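Participant: My questions concern the predicted model and sequence given below.
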Amino acid sequence: MILLVDMDAFFASVEQLHHPHLRGKPVIVCGDPTRRGVVTAASYEARPFGVRAGMPTAEAKRLCPHAEFVEGSPRKYVEKSLELLEMFLTYTPDVEPFSVDEAFLDLSKLGERGATREAAVAMARTIQQRIADEHGLGASIGIGPNKLIAKMASGVNKPRGLTVLDEEEFRQLFWPQDVQELWGVGPKMSEHLKRLGIRTVGDLGRAGEPMLEQSFGAVGVHLKHAAWGRDQTPVVPYHEGVDPKSMGHEVTLPEDSREEAFLEGTLLRLADQVARRLRGEGFVARTLTLKLRDFRFRTITRQKALTVSVDDHLAIFEVAKALWRANWKGEPLRLLGVSASGLEHKGEGEQGELFVQDDRKKTLQEALDKVRDKLGEASVVPAGSLMHRRDTGHVPFGAMKRKDGRTRRAGPEGAAGAQAPITREGAASQVKRTLRDQKRKGS
Ligand SMILES: [Mg+2]
């Protein structure tokens, strides 16, 4: 039996907890509410107005003008998330933090106490009750024989729902539903499936394996199993947590490009994103990989092993740029990617000596990271990733010249170098980093 505990409207509920005057009101958590941005989370009171996470703040304001707009504070959410994980660990040692507000609990090693449906339901009810009593928050829990079913069951009844499904019940419930409802099927995959005549989860379950394999490779077979409610993925407890093997970012360009300054600026932005993730999760990398896809969909990847481990964007950028220079023949490019592998925990092992001890640089980097943790990724970005357009003349700080000559603010969806403010993913990686630190300290 596996449980997925999913906190209801987590960020908004934590804000309501800290600020009693927000309780019972529509609350919208976002970045700086005076600036352009997107909704990070909406309380259940705001949802009937159509407010959803990811929607521009301005649109949320139109839909629900009387809502309270609150600037999100990741530290609060991370703290609460860690408190909750600690509580889950009193039920089973096999707890996998899945995101900042979701965790899998594996009951299979508990013997009698977790083996039956009744036992799992009883435990889920107690956990739900304790989350309400001790933390003043709501959670929805899904229970199933594997992670896939637990995850999908948790979404059936929200907020404060409790849903148990076995494979049979899973199929009864989900086979009539749109194929995109299946965990792991995104909008692109769903489009592709629909072009093949697969509209529902049931269609996918009934589809021929050879056809799926031909269209999607190994993923196709996996998808068919998922449609049947079958999943072998283990719950990975954080204390034996699997470290990521690589961290990468890639981007499909808005149009094919052979404009050197633009491509270079894009590489800088990717290097910056990779470096942020490395530092965010406490890793340094020994190997860097560049990926190029040209306008004919020809893809190459080129790797370089480094003599020192790196986690800063300039070092990563220099290597990525050199690889690009050496391998690009001037054809229009469609996609660029940069990834880091050969990951080691920062400060562990012998590689410490290999770091250039530049305290000023380190202090600056930490300060910049803090600013971005607090204010969002777009608050500070390498100038080179913003100024890559040939027609960019002098523009005020934080603004970006558009093709039509007017300027606009560099908001989360605005500037080329910017991205959505650090939110769920950022908070989740902070949770993981904290757990990893605890694990290393042996607590
Ligand atoms: Mg949630």
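Facilitator: Structure's in. What do you need?
Participant: contacts, neighbours, all on C-alpha from now
Facilitator: Will do.
Participant: just the strands in the stretch 301-443 of the chain please.
Facilitator: 333-345, 399-401, 407-409 (DSSP state E, counting those that start in this stretch).
Participant: Now do the first one, average pLDDT.
Facilitator: With pLDDT averaged residue by residue, strand 333-345 scores 92.
Participant: What helices and strands are in contact with it?
Facilitator: Secondary structure elements in contact with strand 333-345, counted by 3 or more C-alpha pairs under 8 Å, 6 or more residues apart in numbering; DSSP states H and E, are strand 246-257, helix 260-280, strand 283-294.
Participant: low-scoring stretches of this protein, by residue?
Facilitator: 239-243, 348-358, 387-427, 429, 436-443 (pLDDT under 70).
Participant: Specify the local secondary structure of T92.
Facilitator: coil (DSSP: H, G, I helix; E, B strand; the rest coil).
Participant: which residues touch the closest residue to it other than its chain neighbours?
Facilitator: Once flanking residues are discounted, T92 sits nearest to L107: 6.5 Å by C-alpha to C-alpha, 6 or more residues apart in numbering. The contact partners of L107, by C-alpha atoms under 8 Å, 6 or more residues apart in numbering, come to 1-3, 92, 94, 114-115, 120.
Participant: do G342 as well
Facilitator: The contact partners of G342, by C-alpha under 8 Å, 6+ apart, come to 245-246, 285-287.
Participant: Identify the bridge partners of the closest residue to the ion within the chain.
Facilitator: Nearest residue of the chain to the ion (C-alpha to the ion) works out as M7 at 4.3 Å. Beta-bridge pairing for M7 (DSSP bridges): A139.
Participant: Next, count neighbours for it.
Facilitator: Residues lying near M7 (other C-alpha atoms under 10 Å) number 25.
Participant: same check, this time on the one 5 residues further on
Facilitator: Residues lying near A12 (other C-alpha under 10 Å) number 26.
Participant: Then P33?
Facilitator: Each residue near P33 was counted by other C-alpha under 10 Å, and the total is 18.
Participant: So it is in contact with E68, correct?
Facilitator: No - P33 lies out of contact with E68 (C-alpha atoms under 8 Å); the separation is 10.0 Å.
Participant: which bits of this structure sit near the ion?
Facilitator: By C-alpha under 5 Å from the ion, the residues of the chain that approach the ion are 6-8.
Participant: a markdown table for the residues you listed, including distance to D101?
Facilitator: Listed next are the residues of the chain next to the ion as a markdown table, based on distance: C-alpha to C-alpha, whole Å:
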| residue | distance to D101 |
| --- | --- |
| D6 | 6 |
| M7 | 5 |
| D8 | 8 |
